[in-house]
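Asker: next comes the sequence, and after it the predicted model I'd like to discuss.
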Amino acid sequence: MKLREIAHSRTGDKGEISNISLIPYDEKDYELLKEKVTAEKVKAYFSEICHGEVIRYELDGLKAFNFVLDKTLGGGVTRSLAIDKHGKALGMALLEMEIS
């Protein structure tokens, strides 16, 4: 199944850093996401563009996650020649990740 089937995302960006939240629609899916969507898997998923560390913050009280991806935005929105180097695109991309 794709993450978008059980979760939604909010994103942000600052310079070279993108942060991507992952929030299950139903709190009961939080533990499944905790097991299946690790920092290592997110780093591997974005391996072509993420050249830095990925840190996953678990927000147990909110039943949500925040992933911080360093060295991911090609110099940042104002420096990159890419068409879209905003974090918003990465949130939608993460929701296409397959989990078993």
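Answerer: It's in. Residues are numbered from 1 along each chain as shown.
Asker: doesn't R10 make contact with M92?
Answerer: No. In this structure, M92 is not within contact of R10 by CB atoms under 8 Å, at 11.0 Å. C-beta here means a position set from N, CA and C on the backbone, and glycine is covered the same way.
Asker: now do the helix or strand bottoming out on mean pLDDT in the chain: distance to the chain's middle.
Answerer: Using mean pLDDT, DSSP states H and E, helix 87-94 stands out as the lowest-scoring helix or strand of the chain, at a mean of 85. Distance of helix 87-94 from the chain centroid (CA atoms, centre = their mean, to the nearest Å) equals 7 Å.
Asker: ok, now stretch 1-20?
Answerer: Distance, stretch centre to chain centre, for stretch 1-20: 4 Å (CA atoms, centre = their mean).
Asker: what stretches of the chain score poorly on pLDDT?
Answerer: Of all residues in the chain, those with pLDDT under 70 make up the ranges 75-87.
Asker: all strands in it, in order from the N-terminus.
Answerer: Taking DSSP state E, the strands of the chain run over residues 7-14, 17-24, 54-59, 64-69.
Asker: export those to JSON lines and tack on distance to E31 and mean neighbour count?
Answerer: What follows is the strands of the chain, written out as JSON lines (distance: least, CB to CB, whole Å; neighbours: other CB atoms under 10 Å):
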{"stretch": "strand 7-14", "distance to E31": "13", "mean neighbour count": "17"}
{"stretch": "strand 17-24", "distance to E31": "9", "mean neighbour count": "21"}
{"stretch": "strand 54-59", "distance to E31": "11", "mean neighbour count": "15"}
{"stretch": "strand 64-69", "distance to E31": "12", "mean neighbour count": "22"}
